[in-house]
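Kindly return the folded structure for what I paste below:
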Amino acid sequence: MAKERFSPDLSSVLGDRPPSWQPRIDAVALRFNKEYRRDAFELPPEVEAMPIYQEWRAGLLSGRLVSPFWEVAQPKKQQRCLDIGCGVSFLIYPWRDWDALYYGQDISVVVRDTLNARGSQLNSKLFRGVQLGAAHELNYDPAQFDLVIATGVSCYYPIAYWQEVFTAVKRVLKPDGVFVFDVINPDAELAENWAILETYLGAEVFLEPLANWQKLVQAQGGKVLKQQPGELFQLYKVKLG
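Numbers count the residues shown, from 1 in each chain. Down below sits the predicted model:
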């Protein structure tokens, strides 16, 4: 699995010219569009024989991997919340109970179309729509959100990409707003096998030391307010400077 190493001097990572992230974004979008459409994945027999694949195919794996963002930053009444890489979270999490205004963004056209078709029917007052776009391309007003969430997203991109995401998130957060995101813990028992599975499903996973994520937060002038370990992902609540 490819591994990136964080350096405060991003020129050592990016070179003289920032790379195009589009090929990787397209690959991740294709992987999730296929899953949401329930298209067949063709995997080698040795991968299909892995217990983690059998658990994924049976629909049992996702429950083990969910990062409960609400346990570190529960949305509050009438707060404006942006969910990056939202998937179908508005349909499965208790946004109505939280009474928070929901804005979603995802790179999957299937997700966008599904949520925009069903979200308003579920709760037209709270659901404010889903935009199609990558995590570093946030087409919203400055200081628009009280809370920005990005779970299950960071592992598919090198850490250099997340410097751009942090910059974009900082722009759309209110001064007292917080950013909640998760990262894969490369030392977790599931990490290697899950990374192998995801790579064969079409989206390579980057196993980055947790210390490098904390360095990235510090380099952005941010502060980790809270963190919570999970079976695979480490959840962070961050105040960006």
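
Could you use CA atoms for every contact and neighbour count after this?
OK.

can you pull the pLDDT of the residue positioned nearest the centre of the chain?
The residue lying closest to the centre of the chain (C-alpha atoms, centre = their mean) is residue 153, at 2.5 Å. Predicted confidence (pLDDT) for residue 153: 95.

In three-state terms, label the residue lying closest to residue 156 once chain neighbours are set aside for me.
Of all residues not flanking residue 156 in the chain, residue 205 sits nearest, at 4.9 Å (C-alpha to C-alpha, 6 or more residues apart in numbering). Under DSSP: H, G, I helix; E, B strand; the rest coil, residue 205 falls in the coil class.

What values do phi and psi take at residue 205?
Torsion angles at residue 205 (phi, psi; degrees, to the nearest 10) stand at phi -110, psi 140.

Isn't it up against residue 153?
No. Applying C-alpha atoms under 8 Å, one finds residue 205 not in contact with residue 153, separated by 10.0 Å.

next helix or strand past the helix or strand of the chain with the lowest mean pLDDT?
When the helices and strands of the chain are compared on mean pLDDT, DSSP states H and E, helix 11-14 comes out lowest with a mean of 36. On the C-terminal side of helix 11-14, the closest following helix or strand by DSSP states H and E is helix 22-37.

can you list contacts of that following helix?
With contacts defined as C-alpha atoms under 8 Å, 6 or more residues apart in numbering, helix 22-37 is touched by 40-41, 107-111, 134, 156-157, 201-203.

roughly how far is it from the heart of the chain?
13 Å (C-alpha atoms, centre = their mean, to the nearest Å).

Check the average confidence over it, would you?
Helix 22-37 comes out at a mean pLDDT of 95.

Tell me the buried residues in that helix?
25, 27, 28, 29, 30, 31, 32, 33, 34, 36 (16 or more other C-alpha atoms under 10 Å).

other SSEs contacting the longest strand along the chain?
Secondary structure of the chain per DSSP state E: the longest strand is strand 173-184. Applying 3 or more C-alpha pairs under 8 Å, 6 or more residues apart in numbering; DSSP states H and E, we find strand 173-184 packed against strand 145-150, strand 233-239.
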